[in-house]
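[1] Would you be able to build a 3D model of this:
(one chain, ligands or ions: 1)
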Amino acid sequence: MKKKKVILITSTIITTIIILIVICFIVFNISPYDFYGKDQCPKCKSTNVGTFFYGEYEPEYEDSVTLAKVKEGVLIPGGCVINHESPKYRCNDCFFTWGKELIKP
Ligand SMILES: [Zn+2]
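    Predicted coordinates for the structure are as follows:
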């Protein structure tokens, strides 16, 4: 009888934790892909990954190093506006975007 009670309490706690995690993911619009780094695309496993940068971007005034990186796809201009939807990385092969710019791991 006692063992059954322990199992019931444990499963209730685990279920509650899972529900709380799911609510957090929905509220903050987090997808499991957001925990991936820039080393590899979480979808197609390509290593050809670019990093978004935010802020003003005027190609004619940028230095040649930045321009070259933009051309190579290493850096991607993300625009001036940054919000919770702003992605951090983009795969240059399948164009999948992931990571949240505002979430610092
Ligand atoms: Zn990809």
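
[2] What count of nearby residues applies to Pro32?
    Here the count is done by other Cβ atoms under 10 Å, and Pro32 has 9 residues near it. Using the backbone N, CA and C atoms, a C-beta is placed for each residue, glycine as well.

[3] cool, Lys38 as well?
    The burial count for Lys38: 16, using other Cβ under 10 Å.

[4] now swap in Ile17 and tell me
    Residues lying near Ile17 (other Cβ under 10 Å) number 10.

[5] Where does it fall, secondary structure wise?
    helix 2-27 (DSSP states H and E).

[6] quick one: average confidence on that helix?
    Averaging pLDDT along helix 2-27 gives 91.

[7] need the next SSE after the helix-or-strand element of the chain with minimal mean pLDDT, C-terminal direction.
    Lowest by mean pLDDT, DSSP states H and E among the helices and strands of the chain is helix 64-72, with a mean of 85. Beyond helix 64-72 on the C-terminal side, the first helix or strand identified by DSSP H and E is strand 75-77.

[8] Enumerate the positions of the least confident helix or strand of the chain that are buried.
    Thr66, Lys69, Val70 (16 or more other Cβ atoms under 10 Å).

[9] for stretch 50-60, same thing?
    Residues of stretch 50-60 classed as buried by neighbour count (16+ other Cβ under 10 Å): Gly50, Thr51, Phe52, Phe53, Tyr54, Tyr57.

[10] and this protein, which residues reach the ion?
    Cys41, Lys43, Cys44, Ser46, Cys91, Asp93, Cys94, Phe96 (Cβ under 5 Å from the ion).

[11] Relative to Lys3, which of these is nearest.
    Lys43 (44.3 Å; Cβ to Cβ).

[12] how many other residues sit next to the closest one?
    14.

[13] With Lys100 instead?
    19.

[14] Now Trp98: phi and psi?
    Backbone dihedrals for Trp98, given as degrees, to the nearest 10, come out at phi -150, psi 180.

[15] isn't it right up against Ile30?
    No: checked against Cβ atoms under 8 Å, the pair Trp98 and Ile30 is beyond contact range at 10.4 Å.

[16] The two: which has the busier surroundings?
    Using other Cβ under 10 Å as the criterion, Trp98 and Ile30 rank with Trp98 on top: 21 against 15.
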